[in-house]
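J.: Please work out how this folds:
(one chain, ligands or ions: 1)
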Amino acid sequence: MSIEHTPVLLKESLQALSLSDGKIVLDCTFGRGGHSRAFLQSVGREGRVIGLDVDESAAEAALALATDYPGGRFTFVPLNFRNLDVALHMAGVARVDAVFFDLGVSSPQFDEGGRGFSYWHDAPLDMRMGLSQTLTAAEIVNTYSEDRLTSILHDYGEERWARRIAKFVVSARAESPLVTTGQLVEIIKAAVPKDVRTAEAQHPARRTFQALRIAVNDELEALEMALQKAVEALKPGGRMACISFHSLEDRIVKKFMQAQSLRCSCPPGIPQCICNTTPLLATERRKPILPTSEEISENPRARSAKLRVATRL
Ligand SMILES: C[S@@+](CC[C@H](N)C(=O)[O-])C[C@H]1O[C@@H](n2cnc3c(N)ncnc32)[C@H](O)[C@@H]1O
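T.: Just a heads-up that it's a prediction; the model follows:
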């Protein structure tokens, strides 16, 4: 049952967060704790790590980490990071020195077939990151209108064949409701023209599965809310680091960091600044940090990772 998760961009994340003895770190995406463990090693006996994860199955790894780092050095809070302010309150922490996000799903979530995240395993159409959520992928594909499905596939999956896939889904479910990922994969394969499928290196269901997962978990809105709260939670000089795995997430992180670093938001042409904007973040580099080719060859899941970093002013 135990599928490991290899932490992505680990050395780069540690460097970005500039950790030292006594620092307090908020890991918003605990997963199996690969990053958290390294953070605990970097902050010494006086430091603390608070780990969040919306997926209850992270609790086992969290317990193991709390056992290895006793005395309140590690605290796990099973909450969505959109509520990171509540999580910090529960952990009894007012401000932190570092906030970290490693977005998306972990290898165990993806590879343990039953969750429905993977187009490689036949499983119920679920895709919930946390089992307390009610919306599932099955509800979306079986009840949303063709237009709404098209928008989801287009906006969250950047899927060129969104309309056609939505049409095929609606006509298939008129026969009987879709229950499994395998059924959905077959519908997508029928909807995407064969020459396109064979020409593409990626699995034809990749974009649809990404889109449904984002919609089920309301991932983009949760990220926007969490970034805002993360800035408020950081001490001056504190660091924020965020690893994203697709362009929609990366765009949100990049725009957020840019907007919070602005020194003036007056319209162009105004002779003197009247906006009194106070930047809350500083970014050192415009381009994200990417994994090395060695890391990608050892861990192919790292290939699309992008790390962005900012400092709280
Ligand atoms: C890529 S994994 C993190 C792996 C982790 N860094 C490690 O080394 O094991 C992402 C984790 O974030 C969690 N997650 C995703 N969205 C979340 C959210 N909105 N709130 C809390 N956890 C979330 C997922 O359940 C998953 O366990």
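
J.: Residue numbers of this structure in contact with the ligand?
T.: Residues of the chain lying close to the ligand (CB under 6 Å from any ligand atom) are 5, 7, 29, 31-35, 52-55, 58, 80-82, 102, 104-106, 129, 222. C-betas here are computed from N, CA, C, even on glycine.

J.: Tell me which of these fall in strands.
T.: 52, 102 (DSSP state E).

J.: Keep only those of the residues of the chain next to the ligand that are in helices.
T.: 34-35, 222 (DSSP state H).

J.: so can I have a markdown table of these showing distance to His89, neighbour count and pLDDT?
T.: Output for those, formatted as a markdown table (distance: CB to CB, whole Å; neighbours: other CB atoms under 10 Å; pLDDT from 0 to 100):
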| residue | distance to His89 | neighbour count | pLDDT |
| --- | --- | --- | --- |
| Gly34 | 26 | 20 | 97 |
| His35 | 23 | 28 | 98 |
| Ala222 | 18 | 19 | 98 |
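
J.: Against Pro271, how distant is the residue positioned nearest the centre of the chain?
T.: Nearest to the mean C-alpha position of the chain, by CA atoms, centre = their mean, lies Leu103 at 2.1 Å. Relative to Pro271, Leu103 is positioned 42 Å away (CB to CB, to the nearest Å).

J.: same thing with Arg48?
T.: From Arg48 to Pro271 the distance is 49 Å (CB to CB).

J.: avg pLDDT for stretch 103-111?
T.: Stretch 103-111 carries an average pLDDT of 89.

J.: first to last residue in it, what's the distance?
T.: 16 Å (CA to CA, to the nearest Å).

J.: what number of residues lie near Ala259?
T.: 14 (other CB atoms under 10 Å).

J.: before we move on, what about Pro267?
T.: The burial count for Pro267: 7, using other CB under 10 Å.

J.: wait, is it part of a strand?
T.: No - remark: Pro267 does not belong to a strand; assigned using DSSP: H, G, I helix; E, B strand; the rest coil, it is coil.

J.: Find me the pLDDT at it, would you?
T.: Pro267 is given a pLDDT of 87.

J.: Have a look at this structure and report its longest strand.
T.: strand 234-244.

J.: The residue nearest to the centre of the chain is in contact with Ser244, isn't it?
T.: Yes - counting by CB atoms under 8 Å, Leu103 touches Ser244, with 5.1 Å between them.

J.: I'd say Ile152 and Glu146 touch.
T.: No - using CB under 8 Å, Ile152 is not in contact with Glu146; the gap is 10.9 Å.

J.: Report the contact partners of the nearest residue to Leu290 once chain neighbours are set aside.
T.: Closest residue to Leu290 apart from its sequence neighbours, by CB to CB, 6 or more residues apart in numbering: Lys306 at 6.3 Å. Residues near Lys306 by CB atoms under 8 Å, 6 or more residues apart in numbering: 243-245, 250, 288-290.

J.: How much space separates Lys306 from the ligand?
T.: 13 Å (CB to the nearest ligand atom, to the nearest Å).

J.: Just grab the bridge partners of that residue for me.
T.: Following DSSP bridges, Lys306 is listed with bridge partners Ser244.

J.: picking that back up, and which of the ones in helices among the residues of the chain next to the ligand is nearest Lys255?
T.: Set against Lys255, the nearest of those by CB to CB is Ala222 (15.9 Å).

J.: Distance from the longest strand of the chain to the middle of the chain?
T.: 15 Å (CA atoms, centre = their mean, to the nearest Å).

J.: Ok, stretch 4-15 next?
T.: 15 Å.

J.: buried ones in that stretch?
T.: Judged by neighbour count (16 or more other CB atoms under 10 Å), stretch 4-15 contains these buried residues: 5, 7-10, 12-14.

J.: cool, stretch 194-206 as well?
T.: Going by 16+ other CB under 10 Å, stretch 194-206 has these buried residues: 203-205.
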